[in-house]
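K.L.:
Have a look at this prediction, sequence included:
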Amino acid sequence: MTGPTHPLWKRIVQRIFMTRPFSWIGLHVLGRIDPILMRLSKGRVFSSGGMGLLSILLTTTGAKSGQPRQVALLAFEDGDNLFVIASRGGNPRHPGWYHNLKGNPRAAVLWRGREETRVAHEAVSPERERLWQKAMSVYPTFDLYQERAGARRIPLMVLAPGLP
């Protein structure tokens, strides 16, 4: 494991969440519960909170429908920016929210009790590699997801503060 040494219990939980069954649970069960928890708590309560991880509630505009779409995502901080990884648990297809941000980069982010407007861009080299390594130091599961994704290079989206 790269980066700082994590407590044993966190490493065990991360190993469990690396398995395909728990990846599925994260996407299909927690992925439905977290948006509700986050809306009710204004972004303060989410399933991975006890792990010391940061989650956000991302509201995008549907690329095809034009309708608002919400998804809870693991996020990372980089200065004033946030970034999210479009891993979809290692699925060979990109998640819908990624396509939505590519179609309309303006999004709302609910986190730590506040809602902000953010503007997204896809990180490319060398920014992508730097941010990928930063994420791996916190949550090394993404390397396994990249292996599972096969030929699909998992995108990393930066969410920069935008105008209100």
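P.N.:
All right, it came through fine.
K.L.:
and the nearest residue to Arg88 once chain neighbours are set aside, what is it in contact with?
P.N.:
Residue nearest to Arg88 in three dimensions, not counting chain neighbours: Pro95, with 4.4 Å by Cβ to Cβ, 6 or more residues apart in numbering. Heads up, the C-betas are built off the backbone N, CA and C, glycines and all. By Cβ atoms under 8 Å, 6 or more residues apart in numbering, the contact list for Pro95 reads Val71, Ala86, Ser87, Arg88.
K.L.:
Just the strands from this protein, written as ranges.
P.N.:
54-61, 68-78, 81-85, 106-111, 114-122, 156-161 (DSSP state E).
K.L.:
Give the rounded mean pLDDT of the shortest one.
P.N.:
With pLDDT averaged residue by residue, strand 81-85 scores 98.
K.L.:
Return it as PDB; C-alpha atoms alone will do.
P.N.:
Below are the C-alpha coordinates for strand 81-85, written out as PDB (Å, rounded to 0.1, in the frame of the first residue of the first chain):
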ATOM      1  CA  ASN A  81     -10.700  21.900  -6.200                       C
ATOM      2  CA  LEU A  82     -12.500  18.600  -5.600                       C
ATOM      3  CA  PHE A  83     -11.900  15.700  -7.800                       C
ATOM      4  CA  VAL A  84     -13.900  12.500  -8.500                       C
ATOM      5  CA  ILE A  85     -12.900   9.300 -10.200                       C
END
